[in-house]
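Trainee: give me coordinates for this.
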Amino acid sequence: MTSKIKTKRKHNMTFWFFVGPSLIAFCLVVLIPLILGIYYSFTDWNGIGSSANFTGFENYIKAFSDEGFRNAFFFTVKFTIASVLAINTIGFFLALLVTRESKISNLLRTIFFMPNLIGGLILGFIWQFIFVNVFNSIGQSLGQEWMMGWLSNSTTGFWGMVIIMAWQMAGYVMVIYIAGLQNVPPELNEAAKIDGASLWQRVRLITFPMIRPAFTISLFLTLSNSFKLFDQNLALTNGGPGDATQMLALNIYKTAFSYNKMNIAQAKAVIFFILVAVITLVQVYITKKDEVEA
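Mentor: Residues are numbered from 1 along each chain as shown. This is a model prediction of the structure:
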């Protein structure tokens, strides 16, 4: 009996030895700031002083009344839809490409995944150089005015952000789709091929249903990352021209540190948190439900 108690204690100590540091870091970095942020969103705290007087829902009313915040919301939704479609489509076809028998498939996987290893700010500055200098030079050489001043236009600036997001994350979701494709029994495709099914029919009727778990994960990651995009937005356009390409995260950042309205920024952050949580949970519920039905 004593040995069982000692073994159990040893097991508990081992468990907390491994889990404890991560749990403490999570509380300090995520949980406590979240609770404090919710508290400060109901006060007039300016981010500098120690006084924080309760103001109720005043900050939330001001947040919803902010036209810039509403415009950033609609731009973020539009950007998220375009980038999620682009990332998952490109990532899926890249996965189909590299899972075919080829001597260079491993090399292609490495090449396609490498952009994901570059930091967001660095990636933004790299593509800013490409859009501003390289595109401008090509446009002048070819006489194509639409290629010049790429980031000075709200439409091309929008597509520039979609391009950089798809270029970075397509290789990441490719790895997830590869894992899903490798779980598809090859006998199913062979049998369908013998029965005369075309490539598109095999992909649509066999591959898609079999990789729905991978699709759920990829959609969740791309949806949440697109909504929360900040560093590429800051480095590439900084919300310009004007605030035409400003996303929600950048709007919250500027409200807090450019306009020194920390209390309103906290209210916007809480709204942003609830928005992302609801959308991603609904997405996971719907796609998981389809998996069960399949």
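Trainee: isn't Thr216 right next to Thr287, touching?
Mentor: Yes: the criterion here is Cβ atoms under 8 Å, and Thr216 meets it with Thr287 at 4.1 Å. For the C-beta atoms, the positions are set from N, CA and C on the backbone; glycine is no exception.
Trainee: for the most centrally placed residue in the chain, which non-adjacent residue is spatially closest?
Mentor: With distances taken as Cα atoms, centre = their mean, the residue of the chain nearest its centroid is Asn225 (1.2 Å). Using Cβ to Cβ, 6 or more residues apart in numbering and skipping the chain neighbours, the partner closest in space to Asn225 is Met169 (6.8 Å).
Trainee: host element of that neighbour?
Mentor: Taking DSSP states H and E as the criterion, Met169 maps to helix 154-181.
Trainee: let me see the mean pLDDT of that helix.
Mentor: Across helix 154-181, pLDDT averages out at 91.
Trainee: which parts of that helix are buried?
Mentor: Judged by neighbour count using 16 or more other Cβ atoms under 10 Å, the buried positions of helix 154-181 are 156-158, 160-178, 180-181.
Trainee: residues making contact with stretch 48-66?
Mentor: 39-45, 69-70, 255, 260, 263-264, 266-268, 270-271 (Cβ atoms under 8 Å, 6 or more residues apart in numbering).
Trainee: okay, and which of those map to strands?
Mentor: Nothing among the contacts of stretch 48-66 maps onto strands, per DSSP state E.
Trainee: now, of those, which are buried?
Mentor: By neighbour count, with 16+ other Cβ under 10 Å, the contacts of stretch 48-66 hold 40-45, 69, 255, 263-264, 266-268, 270-271 as buried.
Trainee: among those residues, which one has the lowest pLDDT?
Mentor: Trp45 (86).
Trainee: what's near enough to touch that one?
Mentor: 51-52, 262-263, 266.
Trainee: tell me the secondary structure for the closest residue to it other than its chain neighbours?
Mentor: Excluding its sequence neighbours, the residue lying closest to Trp45 (Cβ to Cβ, 6+ apart) is Ala52, at 4.0 Å. The three-state label given to Ala52 by DSSP: H, G, I helix; E, B strand; the rest coil is coil.
Trainee: before we move on, back to that, pick the one among the contacts of Trp45 closest to Ser102.
Mentor: Of all the contacts of Trp45, Gln266 has the smallest distance to Ser102: 51.9 Å, by Cβ to Cβ.
Trainee: the nearest residue to that closest one once chain neighbours are set aside and Thr280, how far apart?
Mentor: Nearest non-adjacent residue to Gln266, counting by Cβ to Cβ, 6+ apart: Ser41, 4.0 Å away. Going from Ser41 to Thr280 by Cβ to Cβ, to the nearest Å gives 21 Å.
Trainee: likewise for Ile217?
Mentor: 12 Å.
Trainee: which neighbours do these two share?
Mentor: Counting by Cβ under 8 Å, 6+ apart, nothing touches both Ile217 and Thr280.
Trainee: before we move on, the earlier item: who are the neighbours in contact with the residue nearest to Gln266?
Mentor: Ser41 sits next to 59-60, 263, 266-267, 269-270 when contact means Cβ under 8 Å, 6+ apart.
Trainee: before we move on, what about Leu94?
Mentor: By Cβ under 8 Å, 6+ apart, the neighbours of Leu94 are 112, 170-171, 174, 177.
Trainee: can you give me the helices in the stretch 51-200 of the chain?
Mentor: 58-65, 67-98, 105-113, 120-129, 135-142, 154-181, 186-194, 199-202 (DSSP state H, counting those that start in this stretch).
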